[in-house]
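> sequence and predicted structure below; questions after.
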Amino acid sequence: MKLGVLFSGGKDSTFATFLAKEYGHDVSCLISIISQNKESFMFHTPNIEKTKVQAESMNIPLIVKKTEGKKEIELKDLKSAILEAKKKYKIEGIVTGAVESVYQSSRVQKICNELNLECFNPLWQKPQFELLEDLIKKKFEVIVAGVFAYPLDGKWLGRKIDKNFINEMRILNEKYKISPAGEGGEFETFVLNAPGLFKKKLRIKDKEILGEKNSWRMELSIE
Amino acid sequence: MENGVKHRMILIISICKEKLHELEFVKPIEDILKNNNAKFATKHYSKISKADLQRADKIIICGTSLKDFEYCSSWTELNKFLWIRDFEKPIFGICGGMQAVVKVFDGEIWASGKNIDNRVEIGLTSIKFEREFLGVNGNIWGYSLHKLGVRKIRKNFEVAATSNKGIQAIKHKTKQIYAVLFHPEVRNKEIVEKFIKLS
């Protein structure tokens, strides 16, 4: 089936892309929504503009749509981006990296229903530690690009998701209820390499670190 | 052993046309069973054999995506669920699994018509249980994802729960056949856990 992936450049949408291909589907395009609203529940992701480099590395066309990020308007903008993908690439379905968020998932389901498209959520309800472990098994290179909850701080920026990361997350999950895959918005990630998906590993050319206390993000320059 | 109930083999049935959808509609059920140390096997509805049914202590029929109607596209497909009528052990149908249960017992589902879109439920839905059903009662929020609703059930079933769009849960009056239209694997996992612990 020809599919479009809602793609943010983070671990979940990249892994969902990987699974769609692994299950034999044709990922015809990626769709990235760049929100001006840093508080958006739907789309806020650091480094969203770098999806262009990731899409090039996957050799998959990318549709980029900017939105002001106001609650209902951003859904109209998402719908128009999906419609563009349907017309341009003849996609028959959408893939998302939704894991726990009923808010995000049900909104995408509604749009797909209105546009008569299938909707695939291959990570839906996946146990979060299992998701992190799968990324390691598949040799994904994923780094933390933003942290937004106590006790996470600027020192977490740039950390790779590896066994040590998972061990620390187990402690933070137990002590502070930090969701291990960042499902509560505690942290955001950026994927530098996904074997079988990326043609080459991406390299960080430069980085800018912004933030204070328990809210930090790392804007990357990628090549 | 858990809570004094010995788990034997539970058969999980997929009705998904697309294998990729099983990660979304079947795997979450498998995960609940794993967390409860329940033994299970998973098969597609089109490949169920008599031996599978004999081995099964209980059966869960999972749901599928909004656009996937292959399992109920014709009587040729629905006939693959006729074993439900004769199975004497507990069955739990979820969403499309509920529709299959209703159809094989000669009930009716909202399948077409100009008002079909009014029956669509996507997202959290307020559900009212009129009686105890697999450990729940009263009002709950359930995750809904369906286009086809239940229009009519036969006299051997009773309605256990409704939403403002219609029937949400049913139970056979004499057999241990349960079915829900919402997805308990998303926000109401305890319902699935209660089912797997039924004696």
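Cool, the structure landed.
> may I have the beta-bridge partners of B:T42?
Under DSSP bridges, the beta-bridge partners of B:T42 are B:I12.
> how close does it get to B:I196?
14 Å (Cβ to Cβ, to the nearest Å). Every residue, glycine included, has its C-beta placed from N, CA and C.
> so those two - more neighbours on which side?
Comparing B:T42 with B:I196 by other Cβ atoms under 10 Å in any protein chain shown, the one with more neighbours is B:I196, at 22 against 17.
> any chance you could map the strands in the chain?
No chain in the question, so chain A it is. Along chain A, counting by DSSP state E, strands occupy A:2-6, A:26-35, A:62-67, A:93-95, A:118-120, A:141-147, A:187-193, A:204-212, A:215-222.
> let's do chain B instead
Remark: strands assigned in chain B by DSSP E are B:9-14, B:39-44, B:58-61, B:91-94, B:108-109, B:121-133, B:136-146, B:150-152, B:157-163, B:166-172, B:177-180.
> now what about the longest one, what contacts it?
The set of residues external to strand B:121-133 that reach it, using Cβ atoms under 8 Å, 6 or more residues apart in numbering or on different chains, is A:102, A:106, A:109-110, A:113, B:66, B:136-146, B:149, B:158-165, B:168-169, B:171, B:178, B:181-182, B:187, B:191.
> quick one: average pLDDT of the longest helix along chain A?
Determined from DSSP state H, the single longest helix within chain A is helix A:71-89. Averaged over helix A:71-89, pLDDT sits at 93.
> residues of chain B that sit close to chain A?
B:18-21, B:23-24, B:27-28, B:31, B:65-68, B:120, B:122-124, B:143, B:145, B:147, B:185-187 (Cβ under 8 Å from any Cβ of the partner chain).
> pLDDT weak spots in chain B?
B:1-7, B:111-118 (pLDDT under 70).
> okay, and the beta partners of whichever residue of it sits closest to chain A?
Here chain B gets closest to chain A at one residue, B:G123, 3.4 Å apart by Cβ to the nearest Cβ. Following DSSP bridges, B:G123 is listed with bridge partners B:S144.
> ok, it - how many residues close by?
Using other Cβ under 10 Å, B:G123 has 16 neighbouring residues.
> re the thing from before, I'd like the strands of chain B as TSV, with distance to B:V101 appended.
TSV is the format used below for those (distance: least, Cβ to Cβ, whole Å):
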stretch	distance to B:V101
strand B:9-14	11
strand B:39-44	17
strand B:58-61	7
strand B:91-94	4
strand B:108-109	10
strand B:121-133	14
strand B:136-146	14
strand B:150-152	9
strand B:157-163	9
strand B:166-172	8
strand B:177-180	5
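> nearest to A:K52, of these?
Closest of these to A:K52 is strand B:121-133, at 31.6 Å (criterion: Cβ to Cβ).
> roughly how far out does that closest one sit from the chain middle?
Averaging C-alpha positions (Cα atoms, centre = their mean, to the nearest Å) puts strand B:121-133 14 Å from its chain's average.
> tell me the buried residues in that strand?
B:E121, B:I122, B:G123, B:L124, B:T125, B:I127, B:F129, B:F133 (16 or more other Cβ atoms under 10 Å in any protein chain shown).
> which of the residues you listed sit farthest apart?
Between any two of these, the greatest separation by Cβ to Cβ is 22.6 Å, found for B:I122 and B:F133.
> what's the neighbour count on the residue nearest to A:M218 when sequence neighbours are not counted?
Closest residue to A:M218 apart from its sequence neighbours, by Cβ to Cβ, 6 or more residues apart in numbering or on different chains: A:L157 at 4.3 Å. By other Cβ under 10 Å, 21 other residues sit near A:L157.
> distance check, A:L157 against A:R170.
A:L157 sits 20 Å away from A:R170, going by Cβ to Cβ.
> same check, this time on B:K175
For B:K175, the distance to A:R170 - Cβ to Cβ - is 44 Å.
> what do you get for A:G211?
Distance, A:G211 to A:R170, using Cβ to Cβ: 25 Å.
> same question for B:K47.
39 Å.
> which of those two has more neighbours?
Legend: neighbour count by other Cβ under 10 Å for B:K47 and A:R170, higher for A:R170 (13 against 10).
> quick one: that one and A:E133 touch, right?
No - the criterion here is Cβ atoms under 8 Å, and A:R170 misses it with A:E133 at 11.4 Å.
> among the residues of chain B next to chain A, name the buried ones.
B:18, B:20-21, B:23-24, B:27-28, B:31, B:65-68, B:120, B:122-124, B:143, B:145, B:147, B:185-187.
> looking at those residues, which are in helices?
Checking these against DSSP H, those in helices are B:L20, B:H21, B:L23, B:E24, B:K27, B:P28, B:D31, B:E185, B:V186, B:R187.
> how about the last one: what's its closest non-neighbour residue?
Computed as Cβ to Cβ, 6+ apart, the closest residue to B:R187 that is not its neighbour in sequence is B:Y143, at 5.0 Å.
> so what's that neighbour up against?
A:V102, A:S106, B:G123, B:L124, B:T125, B:F182, B:H183, B:V186, B:R187, B:N188.
> the first one reaches B:F182, doesn't it?
No - using Cβ under 8 Å as the test, A:V102 is too far from B:F182 to be in contact (11.7 Å).
> so for the two, which sits in the more crowded spot?
Neighbour count, other Cβ under 10 Å: between A:V102 and B:F182, B:F182 has more, with 28 against 16.
> wait, A:I94 touches A:M1, no?
No - applying Cβ under 8 Å as the test, A:I94 and A:M1 come out as separate, 10.8 Å apart.
> more neighbours, these two?
Comparing A:I94 with A:M1 by other Cβ under 10 Å, the one with more neighbours is A:I94, at 24 against 17.
> contact residues of chain A facing chain B?
Counting by Cβ under 8 Å from any Cβ, chain A sits next to chain B at A:1, A:19-20, A:23-25, A:102, A:106, A:109-110, A:112-113, A:116-127.
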